[in-house]
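Dropping the sequence and predicted coords here.
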Amino acid sequence: MGDSSSGAADGGGAIYGLGIFGAWFYFWQQADGTGEHLYALFQGVFWPAYMVFDAFAALSG
């Protein structure tokens, strides 16, 4: 018998992949200059961490 949760994992990977492209699009538009564009690529890969950090910052302040 196969693993019944593999479909959910595949779906999560697809959502994360779409999130990366969306984050790249958003952060790229906000960037100004070469250094900020390179940082935007980094932010796009780690977008969930930035989202959680901003959520906690909004809750605390």
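Thanks, I have the structure now.

what's near enough to touch residue 57?
If a contact means C-beta atoms under 8 Å, 6 or more residues apart in numbering, then residue 57 has no contacts. Just so you know, the C-beta spots here come from the backbone N, C-alpha and C atoms, and that holds for glycine as well.

Pull out the buried positions in the lowest-mean-pLDDT helix or strand in the chain.
Lowest mean confidence among the helices and strands of the chain (mean pLDDT, DSSP states H and E): helix 6-30, at a mean of 86. Within helix 6-30, the residues that count as buried by 16 or more other C-beta atoms under 10 Å are 20, 23, 24, 27.

what's the most distant pair in these?
Greatest spatial distance among the buried residues of helix 6-30 (C-beta to C-beta): 20 and 27, at 10.5 Å.

Mutual contacts of the two, please.
44, 47.

per-residue confidence averaged over the helix or strand just after the least confident helix or strand of the chain?
As assigned by DSSP states H and E, the chain's next helix or strand after helix 6-30 is helix 34-45. In this model, helix 34-45 has an average pLDDT of 95.

Helix 34-45 vs helix 6-30, what angle?
Angle, helix 34-45 to helix 6-30, by axes from the mean of the first three to the mean of the last three C-alpha atoms, to 10 degrees: 160 degrees.

List the contacts of helix 34-45.
Under C-beta under 8 Å, 6+ apart, the answer for helix 34-45 is 20, 21, 23, 24, 27, 28, 30, 31, 50.
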